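>>> here is my input; please provide its structure:
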Amino acid sequence: MKLIADLSKNTLIVDECTFSISNIIRTLRCGSRASYEVILSLHDNMPYDPQAFPKGLWSITGLEWQKEKGFDYNTYGPVKIRTDAWQMVKVWELDKNGDYLRETEKSVEDFGYLLHYSKSSTTLGCIRIASHDDAEMIAGIIQRAFDNSEKVELEVL
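Alright, predicted model coming up:
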């Protein structure tokens, strides 16, 4: 099964159904992130400014349900839909106070991109599903595909 996310149209097509999504990122570039709100890369623990979900063809690698894992519902909603999406991002230099100062030439791998619902309208690069109910419905469709040993892919346009 293939899911198709069109970030320019804010749509996700799953099993011939269209769902509303967004990919509004809290960044320094758009002014939605303060210079002291530093984000660190998962593997290298280096400061970077979050980027949009990377375009391309990715695998859906799993589902994590809030009721089983106990993660923050306000941030991730009822389910995290995991992917293998990744991209290289620029490392930032920090000033003496630990705030963002300037982008460097060094790059690090950024991964951990999810699809999920959130009460916030912005994410750190994840695709935000518009509603709690939609997130559960999409995850249910994916779970059925997994139960049938199907590979589930996500194409991001």
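
>>> check contacts around Asp134.
If a contact means Cβ atoms under 8 Å, 6 or more residues apart in numbering, then Asp134 has Phe19, Ser20, Tyr117 as its contacts. Yep, even glycine has a C-beta here, placed from its N, CA and C like the rest.

>>> quick check, the first one in a helix?
Spelled out, it's Phe19. No - with DSSP: H, G, I helix; E, B strand; the rest coil as the criterion, Phe19 is assigned strand and is not in a helix.

>>> which residues touch Gly112?
Counting by Cβ under 8 Å, 6+ apart, Gly112 touches Leu42.

>>> now stretch 91-98: buried residues?
The neighbour-count check on stretch 91-98 (16 or more other Cβ atoms under 10 Å) flags Val91, Trp92, Leu94 as buried.

>>> now the first one: phi and psi?
This points to Val91. Torsion angles at Val91 (phi, psi; degrees, to the nearest 10) stand at phi -80, psi 150.

>>> is it in a bridge, and if so with what?
When bridges are assigned using DSSP bridges, the partners listed for Val91 are Tyr48.

>>> re earlier: most neighbours, which of the contacts of Asp134?
Neighbour counts for those were taken using other Cβ atoms under 10 Å; the highest belongs to Tyr117, which has 27 neighbours.

>>> how close does the nearest residue to Lys106 once chain neighbours are set aside sit to Cys126?
Across the structure, with Cβ to Cβ, 6 or more residues apart in numbering as the measure, the residue nearest Lys106 apart from its sequence neighbours is Val91 (4.3 Å). Summarising the geometry, the distance separating Val91 from Cys126, computed by Cβ to Cβ, to the nearest Å, is 21 Å.
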